[in-house]
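Trainee: here is the input, now give the coordinates:
(2 chains)
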Amino acid sequence: MVVWILSGISLIYYLGSNIQSTFFQKYWFKFVVGFVVTLQIVSVSLLIGAILSLVIALARNSKQKIFAWPAYAYVYFFRGTPLIAQTFLIYYGAGSFRHELEAVGLWTFFREAWYCVILAFSLNTSAYQAEILRGAILNVPKGQWEGASALGLSRPVTFFKVILPQALMVALRPYGNEIILMIKGSAIASIVTIYDLMGETRRAYSRSYDFQAYIWAAVLYLLIVETLRRVWDKIEARLTRHLKR
Amino acid sequence: MRVLRMAAAAVAVLAAVGGAQAKDWSKVRIGTEGAYPPFNNMTANGDLVGFDIDVAKALCEEMKVECEFVISDWDGIIPGLQAGKFDAIIASMSITDERKEKVDFTNKYYNTPPAIAVLKESKLAGTTDADLDGAKLGAQSASTHSNYAEEKLSSASLSLYPTAEEYKLDLSSGRLDAVIDDVVVLSEWLGTEDGTCCKILGTLTPDPVINGEGAGIAIRKDDGELKEMFNKALETILANGKYKEINDTYFTFDVYGG
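Mentor: This next block holds a predicted model:
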């Protein structure tokens, strides 16, 4: 414990004493820009992914094979291949089909690296989120469906008002993990010219060869994850308040 | 206890590194990237070839030392030298003030200008900042060319790629309007089948602060003796025609520069 406190103090002292350094003066703005880019990529694609995942999870749970099978294949593909390969494939793959895409008017979309990144990340996270959601929905006891039906609630109302709120309680922690994975995964965007926090860090390091680039990056990542952890604790307390004795 | 033991080991290693005062240079390890044709790249068999490699071999022969090549990522090549993974970098590294803060350089062994390549049907008129206003420009990140674009061609919007291969893909697909790199590297690519899409728009006047004085051999700061050995060998191969022989196997013009 003492070792941890001491190393924490020395880290803060180290960073504090470096605020005046030329490295910090020269690159702090780039770090801020990268930080914002990371937050943008993650929040936009998580939101799109969440909407998609609801549809996919429902299809995956469906008794109709015609819905269940494509959803299964979708999740299988996006969870089974690395995000870096998916991003590369969408960005540079689209590049080699320029004329076909121009013919159908999609090139303006695929031309921009930003849209390609959002597309790749949204599709990827929607597959993971769909599995989280599916597991959570299955976790809600069957009696809840039966009880709702006995009260004369229609199936959509049952799903959104009875089942989903209970499922989200179970899904909350896995969702948190998925967000953290996405935050760290966003470094992949720099292979297609979108420089997020990690991309800017590598750029600063490769120009200055100053190791503090990585320390600042680590501090910023910890800041995001710690904020998230606290928010999650709050949400969990709120969602489970009826379970407190 | 374990922490103490690790600290002791670290101290011992530092002492060993620092203690090696009079170094024995009968064997020199040379770091290179191996992904920058025609200067240094790998053949399908995994052999290192290229202008840098041939120059390195000629220098080692001249210095009568045994040389061993070590492959390193471009991003990590200077930290690798400082950490002692190799003793010299011969990888087309431009001699710049930024890098001089960390390592020492020999005299340059070649100097070629940067250039801009565009699609054959491109409407761009020239290579000045005004000509490139609003154009999408691609470069390899952490290269002197990306620094040049950032500072001298700031009207263009710059995209950075991890290696030269990716910006080549994006130029041919039309995402980029132009790319900037060494004229020799671009010409080499335009000569291949993949390069038929594009042409060289023009060369740029190098800026001595950004582009440096040409490519040199990077050495750790405390290895002055090795630096002198390289400089002397370089002078000899320039004088005795060995350099010209290597030059002519790769290029039709003189890369040593003025």
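Trainee: okay, now the domains of chain B?
Mentor: B:25-111+B:213-250, B:114-210 (automatic domain parsing).
Trainee: looking at the ones you listed, which is nearest to chain A?
Mentor: Closest to chain A of the domains of chain B is domain B:114-210 (Cβ to the nearest Cβ; 3.3 Å). (Each C-beta comes from the backbone N, C-alpha and C, glycine too.)
Trainee: that closest one near chain A anywhere?
Mentor: Yes. Using Cβ under 8 Å from any Cβ of the partner chain, domain B:114-210 reaches chain A at B:138, B:141-142, B:147, B:159-162, B:166, B:169-170, B:172-175.
Trainee: top of the residues you listed by neighbour count?
Mentor: For these, the largest neighbour count, defined by other Cβ atoms under 10 Å in any protein chain shown, is 28 neighbours, found at B:G138.
Trainee: that one in helix, strand or coil?
Mentor: Secondary structure, DSSP: H, G, I helix; E, B strand; the rest coil: B:G138 is strand.
Trainee: let me see the confidence value for the nearest residue to B:G195 once chain neighbours are set aside.
Mentor: Among residues not flanking B:G195 along the chain, B:W189 sits closest, at 4.4 Å (Cβ to Cβ, 6 or more residues apart in numbering or on different chains). As predicted, B:W189 sits at a pLDDT of 90.
Trainee: so which of the domains of chain B gets nearest A:K234?
Mentor: domain B:114-210 (38.9 Å; Cβ to Cβ).
Trainee: how long is that closest one from one end to the other?
Mentor: Terminal residues of domain B:114-210 are spaced 11 Å apart (Cα to Cα, to the nearest Å).
Trainee: need the residues of chain A near chain B, please.
Mentor: Counting by Cβ under 8 Å from any Cβ, chain A sits next to chain B at A:3, A:92, A:95-96, A:98, A:111, A:113, A:190-193, A:195, A:202-203, A:205-209.
Trainee: picking that back up, for B:L124, see how far away the residue nearest to B:G195 is.
Mentor: 18 Å (Cβ to Cβ, to the nearest Å).
Trainee: ok, B:I71 next?
Mentor: In terms of Cβ to Cβ, B:I71 sits 36 Å off from B:L124.
Trainee: can you pull the contacts of A:F78?
Mentor: A:Q86, A:L123, A:N124, A:S126, A:A127, A:Y128 (Cβ atoms under 8 Å, 6 or more residues apart in numbering or on different chains).
Trainee: flag the shaky bits of chain B, pLDDT-wise.
Mentor: For chain B, the stretches with pLDDT under 70 are B:1-22, B:258.
Trainee: hang on, the earlier thing: please report which of the contacts of A:F78 has the highest neighbour count.
Mentor: Counting neighbours by other Cβ under 10 Å, A:S126 comes out on top of these with 26 neighbours.
Trainee: so B:I180 is in which element?
Mentor: strand B:178-182 (DSSP states H and E).
Trainee: just want the angle from that strand to strand B:136-140.
Mentor: Using axes from the mean of the first three to the mean of the last three Cα atoms, to 10 degrees, the inter-axis angle of strand B:178-182 relative to strand B:136-140 is 30 degrees.
Trainee: packing partners of strand B:178-182?
Mentor: Strand B:178-182 sits against strand B:114-119, strand B:136-140, helix B:144-152, helix B:164-173, with contacts defined as 3 or more Cβ pairs under 8 Å, 6 or more residues apart in numbering or on different chains; DSSP states H and E.
Trainee: measure the residue of chain A positioned farthest from its centre to A:V162 for me?
Mentor: Most distant residue from the mean C-alpha position of chain A: A:A150, 38.4 Å away (Cα atoms, centre = their mean). Distance of A:A150 to A:V162, computed by Cβ to Cβ: 12 Å.
Trainee: got TSV for the contacts of A:F78, with distance to A:G16, secondary structure and pLDDT too?
Mentor: Converted to TSV, the contacts of A:F78 look like this (distance: Cβ to Cβ, whole Å; DSSP: H, G, I helix; E, B strand; the rest coil; pLDDT from 0 to 100):
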residue	distance to A:G16	secondary structure	pLDDT
A:Q86	41	helix	94
A:L123	42	helix	96
A:N124	38	helix	96
A:S126	42	helix	96
A:A127	43	helix	96
A:Y128	39	helix	96
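Trainee: which one of those residues sits closest to chain B?
Mentor: A:Q86 (16.1 Å).
Trainee: the strands in the chain, which residues?
Mentor: In the absence of a named chain, this looks at chain A. Assigned by DSSP state E, chain A shows no strands.
Trainee: think we crossed wires, I meant chain B
Mentor: With DSSP E as the criterion, chain B has strands spanning B:27-32, B:35-36, B:40-42, B:48-49, B:66-71, B:88-94, B:104-105, B:114-119, B:136-140, B:157-161, B:178-182, B:198-203, B:215-219.
Trainee: and the fifth one, what does it pack onto?
Mentor: Identification of packing neighbours for strand B:66-71 by 3+ Cβ pairs under 8 Å, 6+ apart yields strand B:27-32, helix B:51-63.
Trainee: the helices in chain A, which residues?
Mentor: Here chain A has its helices, by DSSP state H, at A:2-17, A:22-61, A:65-80, A:83-96, A:98-103, A:107-111, A:113-139, A:142-150, A:155-157, A:164-185, A:197-208, A:212-239.
Trainee: can you lay out those helices as JSON lines showing distance to B:T252?
Mentor: Listed next are the helices of chain A as JSON lines, based on distance: least, Cβ to Cβ, whole Å:
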{"stretch": "helix A:2-17", "distance to B:T252": "53"}
{"stretch": "helix A:22-61", "distance to B:T252": "41"}
{"stretch": "helix A:65-80", "distance to B:T252": "50"}
{"stretch": "helix A:83-96", "distance to B:T252": "32"}
{"stretch": "helix A:98-103", "distance to B:T252": "34"}
{"stretch": "helix A:107-111", "distance to B:T252": "37"}
{"stretch": "helix A:113-139", "distance to B:T252": "37"}
{"stretch": "helix A:142-150", "distance to B:T252": "79"}
{"stretch": "helix A:155-157", "distance to B:T252": "74"}
{"stretch": "helix A:164-185", "distance to B:T252": "47"}
{"stretch": "helix A:197-208", "distance to B:T252": "33"}
{"stretch": "helix A:212-239", "distance to B:T252": "42"}
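Trainee: among the ones you listed, which comes closest to B:T96?
Mentor: Taking those one by one with Cβ to Cβ, helix A:197-208 is closest: 9.9 Å.
Trainee: could you give the angle of that closest one to helix A:22-61?
Mentor: Using the same axes, to 10 degrees: helix A:197-208 against helix A:22-61 is 150 degrees.
Trainee: what about the nearest residue to A:V37 once chain neighbours are set aside, how many residues nearby?
Mentor: Leaving aside its chain neighbours, A:V37 sits nearest to A:D196 (4.7 Å; criterion: Cβ to Cβ, 6+ apart). Around A:D196 sit 25 other residues, with neighbours defined as other Cβ under 10 Å.
Trainee: same thing with the one 5 residues further on?
Mentor: Taking other Cβ under 10 Å as the neighbour definition, A:T201 ends up with a count of 25.
Trainee: okay, the helices and strands packed on strand B:66-71, which one's buried deepest?
Mentor: Using mean count of other Cβ atoms under 10 Å in any protein chain shown, the stretch among these with the largest mean neighbour count is helix B:51-63, at a mean of 21.
Trainee: what packs against it?
Mentor: strand B:27-32, strand B:40-42, strand B:66-71, strand B:88-94, helix B:224-239, helix B:242-250.
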